[in-house]
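A.B. asks: my questions are about this predicted structure, shown below with the sequence.
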Amino acid sequence: MVGVDQVLEKLSTVIDPDLKKDIVSMGMIKDLELNDNNLKFTLELTTPACPFNVEIEDDVRKAIGELKELKNFDMKVTAKVMEGRSLDADTSMATVKNIIGVASGKGGVGKSTVSLNLALALQQTGAKVGLLDADIYGPSIPLMLGMKSGHMEVEDNKLQPAKYNGLQVVSFGFFAEQSHQAAIYRGPIISGILKQFLVDTNWSDLDYLIVDLPPGTGDIPLTLAQTIPITGILVVTTPQDVASNVAVKAISMFEKLNVPIIGVVENMSHFICPSCNDKHYIFGDGGAQKISEQFKIPFLGEIPLNSGIMSGSDLGKPIMITSPDSPSAIAFRTSAKNIAAQCSILAAKMQDEMKSAETPEDTPKTN
Ligand code: ADP
């Protein structure tokens, strides 16, 4: 007769490729039932966007397959996104498990386009996602979603995010009256608006909140880094941007502020020839990869240059919705999975740090 210890021993040989830890010690096995050689459990992945979900599931089946005496084996696969920020330290946004700031060295690199399509790609995996357009000086998300002003309402002193296919969206662009004045706002006012959007919004149970920051290293990125605990910063570059070194300045600022850098995504990285499907690196090859090596931060993906991305944005029709099978959408999906995996890695690191911070004095003495 197979025992629970044998099952757990087999399962502990399965290693999560991202977290580099076995699935039993990571608490991914839930509701295990073993009766008369009939085995049943739930495999709970750390994100529905896990890039290795098929691999982990296969490894589990292989490991359990080695227990020849088992009569039946039933596995349910679910996902529960890990908290990549200390919710204990931040009661003001307790319903948001991960906050990802999207930054760039300069404007026009496609930071908003990438933020929006990544948010949609994460959502399509089954995660609950919000998008905060924090580019208060030039909010572009409403236009990219084809949403006009007046979508956000205030209830019980809290902003209710607008909804786009289930995506929760907040943007200064929804306040048409005020948004044209944004250019005159400075320091404390701008920081105050961002804080309100973060804290005084009724975000309902988000796995990931994507914050589209204005380019550069001004008041808004600084406020985000200093106001609330965030999971980390995603840096968007283009090949030209890398050449002019502007992305490096943004990375250096966040590193100085001790904010984790989730990684770098290169946008408009290459052109895929529609007739031969070959990739052409028009503006040079391997720029973001160099940044990733220089700063030892993960390289998370490259998005092709595609006229459909631009025309779709202008018409309020994001490519993740209109052409989900296009090479561009596939590239966004790959990047989104890599980002989710990095968030799980940062979350696991945070859990470890919290555990090791529990001093021996806190543990009750046994004798
Ligand atoms: P940022 O937020 O960095 O200022 P935007 O997201 O507004 O940049 O993008 C700038 C312009 O580039 C927009 O017209 C957008 O549609 C276009 N664009 C962004 N990414 C791509 C891409 N991969 N292929 C083609 N056009 C793109």
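C.D. replies: In hand now; what should we look at?
A.B. asks: count the neighbours of Asp219 for me.
C.D. replies: When counting by other CB atoms under 10 Å, one arrives at 17 neighbours for Asp219. Just so you know, the C-beta spots here come from the backbone N, C-alpha and C atoms, and that holds for glycine as well.
A.B. asks: got it, and Leu257?
C.D. replies: 14.
A.B. asks: list the buried ones in the lengthiest helix in the chain?
C.D. replies: Longest helix in the chain by number of residues (criterion: DSSP state H): helix 327-357. The neighbour-count check on helix 327-357 (16 or more other CB atoms under 10 Å) flags 327-329, 331-348, 350 as buried.
A.B. asks: average pLDDT for it?
C.D. replies: Helix 327-357 shows a mean pLDDT of 94.
A.B. asks: what's the closest non-adjacent residue to the one residue in the stretch 51-200 of the chain that gets nearest to the ligand?
C.D. replies: Closest approach between the stretch 51-200 of the chain and the ligand, counting by CB to the nearest ligand atom: Gly110, at 3.0 Å. Distance criterion CB to CB, 6 or more residues apart in numbering; nearest residue to Gly110, sequence neighbours excluded, is Asn267 at 4.0 Å.
A.B. asks: try Ala89
C.D. replies: Pro229 (5.5 Å).
A.B. asks: the one you found: neighbour count?
C.D. replies: Pro229, neighbours per other CB under 10 Å, totals 15.
A.B. asks: which of the buried residues of helix 327-357 are close to the ligand?
C.D. replies: Among the buried residues of helix 327-357, no residue lies close to the ligand (CB under 6 Å from any ligand atom).
A.B. asks: which is the next helix or strand following the helix or strand of the chain with the lowest mean pLDDT?
C.D. replies: The weakest-scoring helix or strand in the chain, judged by mean pLDDT, DSSP states H and E, is helix 176-179 (a mean of 62). Later in the chain than helix 176-179, the nearest helix or strand by DSSP states H and E is helix 187-199.
A.B. asks: please enumerate residues in contact with the helix or strand following that next one?
C.D. replies: Using DSSP H and E, the helix or strand that directly follows helix 187-199 along the chain is strand 208-212. Strand 208-212 is contacted from outside by 81, 96-102, 111-112, 115-116, 118-119, 122, 127-135, 141, 198, 203, 224, 230, 340, 343, using CB atoms under 8 Å, 6 or more residues apart in numbering.
A.B. asks: just want the angle from the helix or strand that comes right after strand 208-212 to helix 187-199.
C.D. replies: Downstream of strand 208-212, the next assigned helix or strand under DSSP H and E is helix 219-227. With axes from the mean of the first three to the mean of the last three CA atoms, to 10 degrees defining the directions, helix 219-227 sits at 60 degrees from helix 187-199.
A.B. asks: which parts of helix 219-227 are buried?
C.D. replies: 219-225, 227.
A.B. asks: what does stretch 146-158 give?
C.D. replies: 147, 151-152.
A.B. asks: likewise stretch 109-116?
C.D. replies: So for stretch 109-116, counting by 16+ other CB under 10 Å, buried means 109-116.
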